[in-house]
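K.L.:
Fold the stuff below for me.
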Amino acid sequence: MATDLTAVNDEAHFWLNGYVNKQNCRIWSEANPQVYVETPLHPEKLTVWCALWAGEIIGPYFFKNDEGHNVTINGDRYRAMITNFFIPELNNLHVQELWFQQDGATCHTGRATIDLLKGTFGDRLISRFKPVTWPPRSCDLTPLDYFLWGYVKSMVYADKPQTLDHLEDNIRRVIADIQPQMLEKVIENWTSRLDYIRGSPMPEIIF
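P.N.:
I've put the predicted structure just below:
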């Protein structure tokens with residue numbers, strides 16, 4: 001079961017107006033704090049996917065329809081991305097025995113998607129529905145969640161992009177500018193986090 005590479009992948013939304021999703025905000029009080037969280041009614045946004053492995057980023061990939069309009073992710077679009085973008089990228093890199101890890105989002109774990117991933121990676125799939133189970137609600141174990149998306153969002157709005165094309169260009173530039181040394185530190189931090197769950201069926205995997 002030993003290998004030398006694991007690819008972690010995820011997607012995130014980037015709103016043109018710089019809105020940050022506050023769904024994880026929790027307010028504890030004995031009385032009603034009368035706090036309001038503003039949500040844009042019809043926000044313009046990009047849905048962006050990346051994979052991170054061994055000090056390198058694959059992507060970004062922007063979810064668009066056949067007309068080139070930005071769309072959100074679903075199972076069909078996720079499978080199309082895997083088939084038409086991710087797998088060709090891996091083939092170009094000549095990567096052998098790669099493990100693939102994803103979270104438990106519905107678009108990631110539908111039967112057709114899992115069948116596609118098993119057909120590509122065999123038992124080297126770390127996901128919600130086996131072969132190797134990834135802990136649920138574990139964003140603190142996924143470097144895209146605890147590092148990449150926050151870092152990119154802290155940079156791409158600096159020049160206040162006014163169009164989605166401008167925002168997309170900024171995202172591409174910021175990700176391309178991330179240095180291997182930074183990613184090496186991220187991977188080191190990730191492996192130290194994984195040390196806390198070594199009781200899981202993943203001890204032989206080299207991240």
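
K.L.:
Can you list the strands that the longest strand along the chain pairs with?
P.N.:
In the chain, with assignment by DSSP state E, the single longest strand is strand 5-15. Paired neighbours of strand 5-15 in the sheet (DSSP bridges): strand 45-53 (antiparallel), strand 98-101 (parallel).

K.L.:
which residues of the protein fall in strands?
P.N.:
5-15, 45-53, 56-62, 98-101, 125-127, 132-133.

K.L.:
and those, which one's lowest on average pLDDT?
P.N.:
Sorting the strands of the chain by mean pLDDT places strand 132-133 lowest, at a mean of 73.

K.L.:
Output the contacting helices and strands for it.
P.N.:
strand 125-127 (3 or more CB pairs under 8 Å, 6 or more residues apart in numbering; DSSP states H and E). Bear in mind the C-beta positions are built from the backbone N, C-alpha and C, glycine included.

K.L.:
Give me the contacts around the strand it packs on.
P.N.:
6, 99-102, 104, 108-109, 114, 117-118, 131-134, 202, 205 (CB atoms under 8 Å, 6 or more residues apart in numbering).

K.L.:
ok, 10 Å please
P.N.:
Applying CB atoms under 10 Å, 6 or more residues apart in numbering, the external contacts of strand 125-127 come out as 6-8, 99-104, 108-109, 113-114, 117-119, 121, 131-134, 200-202, 205.

K.L.:
Pull out the buried positions in that strand.
P.N.:
Leu125, Ile126, Ser127 (16 or more other CB atoms under 10 Å).

K.L.:
Including distance to Asn32, could the residues you listed go into CSV?
P.N.:
Below are these laid out as CSV (distance: CB to CB, whole Å):
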residue, distance to Asn32
Leu125, 45
Ile126, 42
Ser127, 40
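
K.L.:
low pLDDT regions in this protein?
P.N.:
1-5, 19-29, 33-43, 55, 134-141, 190-207 (pLDDT under 70).

K.L.:
Which parts of it are helices?
P.N.:
Here the chain has its helices, by DSSP state H, at 75-81, 87-93, 106-109, 111-121, 143, 149-156, 164-177, 180-194.
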